[in-house]
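[1] Okay, here's the prediction I keep looking at, along with the sequence it came from:
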Amino acid sequence: MPAPIEDYALLSSCRTAALVSRDGRIDWMCAPRFDSASFFGALLGGEDHGCWSLRPSDPEATATRRYDGGSFTLITRWQTIDGVAEVHDCMPVDGLRTDLVRRIVGVSGTVEFVHEIRIRFDYARSMPWVRRVAGPQPTLLAVAGPDALVIRGARLTSDDHAHIGTVTVAAGAHTDVVLTWFPSHQELPPPLEVSAALRATQAWWHEWSDRIEHDGPHRLEVARSLLMLRALTHEDTGGVIAAATTSLPEAFGGSRNWDYRYVWLRDAALTLEALLAHGFVRTAQRWRMWLLRAVAGDPADVQIMYGIGGERDLEERELGSLPGYDGAAPVRVGNGAVSQFQADVIGEVLVALEATRQAGVEEDAFSWPLQRALLSQAIASMHRPDRGIWEIRAQDRMFTHSRVMIWAALDRGVRAVREHGLPGDADEWERIRDDMRAEIDARGFDAERGHFVQHYETTEVDASLLLIAQVGYCDYDDPRMLGTVAEIERTLLRDGLAMRYRTETDVDGLAGDEHPFLACSFWLVEQYAKSGRHSDAERLMDRLCGFANDVGMLAEEYDVEGRRHAGNTPQALSHLALVRAADALVGHAGRAALRD
């Protein structure tokens with residue numbers, strides 16, 4: 001059975017990732033990319049679906065853990081009856097290889113560790129052929145179909161489709177075990193030069209994290225959240241995935257289980273803005289290049305999400321080989337939302353690209369023509385109902401947030417022409433923008449109740465309305481926003497945390513409930529801070545930061561009754577919303593400042 005979601009820590013090579021539990025078990029790893037098939041899949045089932053356990057043989061051993069500074073080297077310190085030892089888990093940042101290093105370091109006394117490895121390729125659909133390979137150190141080779149793993153440094157014995165072994169370390173000594181994935185048709189890769197790889201990876205992460213710019217009471221949380229966002233960014237392509245996992249449930253035992261290992265234009269655009277606000281202009285340039293490649297072609301064919309390399313085919317399917325996290329089924333790979341029309345996405349992209357201009361990134365011969373084409377597409381589809389930011393699986397609606405983001409797209413187009421001297425028909429865009437505002441004010445705002453509405457056919461609210469002021473449609477202290485916040489507080493708070501919307505309505509077309517969505521509560525912090533409710537903002541921020549686990553990770557949602565994380569992890573949207581909320585608390589102007 002997998003550990004609680006909050007018990008996992010992320011390892012990342014910025015090309016793929018692994019999740020390690022508090023008790024030293026790697027329950028999730030895919031290779032060679034974040035969205036590849038798993039070979040450790042116990043996260044979505046049990047140990048027979050693939051895992052690697054490494055812990056002391058002493059059953060009473062206790063552990064504490066931390067990241068090594070601003071890196072993703074995880075140090076787990078074990079206290080046993082016979083001594084103290086550490087396990088340093090690291091995925092080297094090396095584009096030519098896919099390795100995972102587990103270095104066991106003796107601190108005091110002697111400690112015996114037990115390895116137990118079960119390899120299950122292709123989402124546990126393929127049992128590998130495993131054999132020993134002669135060499136200067138114990139070497140195990142596992143092969144199935146296109147995939148191969150070599151494990152060096154551990155003396156392992158076959159035991160009922162697992163491989164088990166022990167190793168003892170004394171104070172001052174260390175031993176390394178290295179797992180390397182490679183395509184099975186290639187030659188066995190040479191052994192990793194472990195110490196050199198660890199030093200280079202540590203230096204790489206520290207060079208990045210040392211450039212983080214933020215002053216305020218939540219600097220540690222901001223720094224770790226920005227690191228999480230970088231860890232979810234593919235080093236080669238620049239694509240920013242929404243989370244490192246698939247199918248972790250929004251409702252335990254339920255079917256709201258989705259694959260988040262892809263690049264949502266909305267989430268990536270918001271991530272870009274968070275990174276820009278903290279000085280990472282080069283990252284913005286790389287993401288812009290990813291965007292230009294991914295959406296090149298007919299603007300009418302723009303999707304809401306893409307694969308890490310810009311792939312378009314993300315067909316959703318269900319896997320019978322994995323029973324799901326604690327039985328939450330089905331397990332899904334791919335995501336059916338890829339075919340949805342979500343009218344807000346182009347606005348999110350154009351707002352983010354406006355931020356890159358403000359940061360000094362110059363337009364080139366391709367980037368501005370692409371934005372003009374996207375704006376034309378937004379205009380062409382502006383009266384078309386959509387599925388909205390929450391990717392509902394019921395009927396299309398005229399969602400107010402989506403209409404506001406169309407307004408924002410037009411607004412940024414006008415600014416690009418008038419303030420940056422770029423070519424375009426600013427007068428026409430301004431006219432359409434103002435018509436859109438008139439429509440939203442008339443149909444997206446309930447004058448009798450005094451609040452914006454979720455969509456044009458309801459009096460309900462949803463948490464996406466908190467984004468209206470963020471893009472400058474109105475001020476944070478506009479009476480309409482204050483009325484909307486009051487209605488959100490009245491109808492959407494669960495133990496003080498914000499739900500996305502009321503699932504008991506017919507809007508989403510799905511069975512079951514969900515838990516408070518962490519990003520929405522961070523948006524509420526920002527709204528409070530910007531509208532003068534500073535004590536409320538600080539109190540909610542402190543509570544939300546307290547939901548992060550011991551290494552600073554946040555999942556998608558939080559189960560207030562069970563006091564546990566829910567949904568995919570680590571969730572980029574949760575972490576970038578934390579960064580924005582922390583910025584708001586120290587007076588950072590945010591997205592709306594681009595209109596000043």
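    Yes, it's here.
[2] Check for me that Asp99 belongs to a strand.
    Yes. Counting by DSSP: H, G, I helix; E, B strand; the rest coil, Asp99 is located in a strand.
[3] how many neighbours does it have?
    Counted by other C-beta atoms under 10 Å, the residues lying close to Asp99 total 23. The way it works is simple: take the backbone N, C-alpha and C, and place the C-beta from them, glycine included.
[4] What's opposite it in the beta bridge?
    Partner residues in beta bridges with Asp99, using DSSP bridges, are Thr180.
[5] Need the per-residue pLDDT for it.
    Note on Asp99: pLDDT of 98.
[6] Ok, Glu316 next?
    As predicted, Glu316 sits at a pLDDT of 97.
[7] Quick check: it touching Gly334?
    Yes. With contact defined as C-beta atoms under 8 Å, Glu316 counts as touching Gly334 (4.1 Å).
[8] The helix or strand harbouring His206 - contacts with which helices or strands?
    Assigned by DSSP states H and E, His206 belongs to helix 194-209. Judged by 3 or more C-beta pairs under 8 Å, 6 or more residues apart in numbering; DSSP states H and E, helix 194-209 is in contact with strand 83-90, strand 98-118, helix 219-231.
[9] follow-up on the earlier one: quick one: which of Glu316 and Gly334 has more around it?
    Ranked by neighbour count (other C-beta under 10 Å), Glu316 and Gly334 place Gly334 first, with 19 against 14.
[10] Relative to Arg312, how far out is that one?
    12 Å (C-beta to C-beta, to the nearest Å).
[11] Show me where the stretch 201-350 of the chain has its helices.
    Taking DSSP state H, counting those that start in this stretch as the criterion, the stretch 201-350 of the chain carries its helices at 219-231, 265-276, 281-295, 345-358.
[12] which one of the ones you listed has the lowest average pLDDT?
    Of all these, mean pLDDT reaches its minimum on helix 281-295 (a mean of 84).
[13] what inclination does it have with respect to helix 345-358?
    For helix 281-295 against helix 345-358, the angle by axes from the mean of the first three to the mean of the last three C-alpha atoms, to 10 degrees is 150 degrees.
[14] Report the buried residues of helix 281-295.
    For helix 281-295, burial by neighbour count (16 or more other C-beta atoms under 10 Å) applies to Thr283, Ala284, Arg286, Trp287, Arg288, Trp290, Leu291, Ala294, Val295.
[15] how close does the second one get to Arg412?
    Right, Ala284. For Ala284, the distance to Arg412 - C-beta to C-beta - is 15 Å.
[16] for this protein, where's the lowest mean pLDDT among helices and strands?
    Across the helices and strands of the chain, mean confidence by mean pLDDT, DSSP states H and E is lowest for helix 281-295: a mean of 84.
[17] Which strands and helices lie in contact with that one?
    The elements that helix 281-295 packs onto, with contact taken as 3+ C-beta pairs under 8 Å, 6+ apart, are helix 265-276, helix 345-358, helix 367-380.
[18] hmm, 10 Å instead?
    helix 219-231, strand 263-264, helix 265-276, strand 305-306, helix 345-358, helix 367-380 (3 or more C-beta pairs under 10 Å, 6 or more residues apart in numbering; DSSP states H and E).
[19] Kindly compare burial across those and name the winner.
    Mean neighbour count (mean count of other C-beta atoms under 10 Å) peaks for strand 263-264 among these, with a mean of 30.
[20] Neighbouring strands of it in the sheet, and parallel or not?
    Its sheet considered, strand 263-264 pairs with strand 305-306 (antiparallel) by DSSP bridges.
[21] How about the secondary structure of Gly587?
    With three-state DSSP as the basis, Gly587 sits in coil.
[22] who touches it in this structure?
    The contact partners of Gly587, by C-beta atoms under 10 Å, 6 or more residues apart in numbering, come to Gly216, Ala529, Lys530.
[23] And Leu410, by the same measure?
    Neighbouring residues of Leu410 by C-beta under 10 Å, 6+ apart: 347, 350, 375, 378-379, 382, 426, 428-437.
[24] cutoff 7 Å now
    Trp429, Ile432, Arg433, Met436 (C-beta atoms under 7 Å, 6 or more residues apart in numbering).
[25] Likewise for Val93?
    Val93 makes contact with Ser13, Cys14, Thr201, Trp204, Glu235, according to C-beta under 7 Å, 6+ apart.
[26] I'd guessed the third one sits against His88; true?
    In other words, Thr201. No. If you go by C-beta atoms under 7 Å, Thr201 and His88 don't touch, sitting 10.9 Å apart.
[27] Those two: who's more crowded?
    Neighbours per residue (other C-beta under 10 Å) separate Thr201 from His88, with Thr201 holding more: 22 against 17.
[28] And that one, what's its pLDDT?
    Model confidence at Thr201, given as pLDDT, is 98.
[29] With Met91 as the reference, measure out to it.
    Taking C-beta to C-beta as the measure, Thr201 falls 8 Å from Met91.
[30] Ok, Leu19 next?
    In terms of C-beta to C-beta, Leu19 sits 11 Å off from Met91.
[31] Would you state the helices of the stretch 351-500 of the chain in chain order?
    Secondary structure of the stretch 351-500 of the chain (DSSP H, counting those that start in this stretch): helices at 367-380, 400-420, 426-443, 479-491.
[32] And the shortest one, what's buried?
    In terms of neighbour count (16+ other C-beta under 10 Å), helix 479-491 has its buried residues at Arg480, Met481, Leu482, Gly483, Thr484, Val485, Glu487, Ile488.
[33] Would you format the helices and strands packed on helix 281-295 as TSV with distance to Ile5 included?
    Output for the helices and strands packed on helix 281-295, formatted as TSV (distance: least, C-beta to C-beta, whole Å):
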stretch	distance to Ile5
helix 219-231	15
strand 263-264	21
helix 265-276	19
strand 305-306	23
helix 345-358	27
helix 367-380	36
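[34] Contact partners for the nearest residue to Val130 once chain neighbours are set aside?
    Distances taken as C-beta to C-beta, 6 or more residues apart in numbering put Ala142 closest to Val130, at 4.6 Å, once the chain neighbours are dropped. Residues in contact with Ala142 (C-beta under 7 Å, 6+ apart) are Ile119, Pro128, Val130, Ala148, Leu149.
[35] Provide the backbone phi and psi angles at Ala142.
    phi -120, psi 130 (degrees, to the nearest 10).
[36] For it, list each beta-bridge partner.
    Applying DSSP bridges, one finds that Ala142 bridges with Val130, Leu149.
[37] measure it to His163 for me?
    In terms of C-beta to C-beta, Ala142 sits 9 Å off from His163.
[38] got any residues that touch both of those two?
    Val130.
[39] Buried residues of the helix or strand that contains Val167, list them for me.
    Element membership for Val167, per DSSP H and E: strand 162-170. By 16+ other C-beta under 10 Å, the buried positions in strand 162-170 come out as Ala162, His163, Ile164, Gly165, Val167, Thr168, Val169.
[40] contacting residues for the fifth one?
    Put plainly, it is Val167. Going by C-beta under 7 Å, 6+ apart, Val167 touches Ile104, Phe113, Ala154, Thr175.
[41] now, among those residues, which is nearest to Asp58?
    Checking these against Asp58 with C-beta to C-beta, the nearest one is Phe113 at 9.7 Å.
[42] beta partners of that closest one?
    For Phe113, the beta-bridge partners are Pro56, Val167 (DSSP bridges).
[43] any idea how far Leu467 is from it?
    Phe113 sits 49 Å away from Leu467, going by C-beta to C-beta.
[44] Asp435 too?
    When distance is defined by C-beta to C-beta, Asp435 is 21 Å away from Leu467.
[45] which of the two has more neighbours?
    The neighbour comparison of Asp435 against Leu467 (other C-beta under 10 Å) goes to Leu467, with 22 against 13.
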